[in-house]
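Asks: kindly return the folded structure for what I paste below:
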Amino acid sequence: MALLTARTATIFIAVGDSTRVYRSMEEVPEPLRAKLQHSTHGVNSATMLIADKRGCEELIRALQAQPTAVQERLAVLVRVRKTEPQKPKSKSLPLKSLRTWLEFLLPIAVGASLWLFVESRY
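Replies: So this is what the prediction gives:
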């Protein structure tokens with residue numbers, strides 16, 4: 001089976017209330033091209049790779065200020081977590097593990113040892 005790779009470029013430029021679409025940098029008018037090249041060489045620039053039709057649809061939805069599928073899934077997840085009953089937190093001390101006991105008793109033992117050492121010297 002042969003591997004097919006297609007490489008395309010789509011340039012969206014929004015100025016004011018209008019959005020224009022260009023297929024290559026050569027199609028972009030010279031004044032806009034200079035601004036585009038200046039802004040894409042900065043710290044806040046990035047390259048986006050859209051590998052399938054769904055990615056293109058997501059980009060169009062984002063450009064039209066509609067919620068994307070990722071935002072919708074996140075909203076559903078937040079709603080579900082808010083409606084789930086919260087487990088009550090235990091107010092008792094969790095003194096069940098060995099580590100908890102060591103964290104509690106070790107400073108006391110070190111302090112008592114130092115006190116005994118200092119008292120035995122004088």
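Asks: tell me the strands beside the one helix or strand Ile13 maps to, with direction?
Replies: According to DSSP states H and E, Ile13 maps onto strand 11-15. Applying DSSP bridges, strand 11-15 is found paired with strand 18-22 (antiparallel).
Asks: right, and the helix or strand after the strand it pairs with?
Replies: helix 30-40.
Asks: helices and strands around that following helix, which ones?
Replies: strand 11-15 (3 or more C-beta pairs under 8 Å, 6 or more residues apart in numbering; DSSP states H and E). Every C-beta, even on glycine, is put in place using the N, C-alpha and C of the backbone.
Asks: going by neighbour count, list what's buried in stretch 29-38.
Replies: Arg33, Leu36 (16 or more other C-beta atoms under 10 Å).
Asks: kindly list the longest helix within this protein.
Replies: helix 98-121 (DSSP state H).
Asks: that one - what's its average pLDDT?
Replies: Summarised as a single mean, pLDDT over helix 98-121 is 88.
Asks: what does stretch 18-31 give?
Replies: Mean predicted confidence for stretch 18-31 is 86.
Asks: and what of stretch 55-67?
Replies: The model assigns stretch 55-67 a mean pLDDT of 76.
Asks: so which bits of that stretch are buried?
Replies: Glu58.
Asks: tell me how far it is from the chain's mean position?
Replies: 19 Å (C-alpha atoms, centre = their mean, to the nearest Å).
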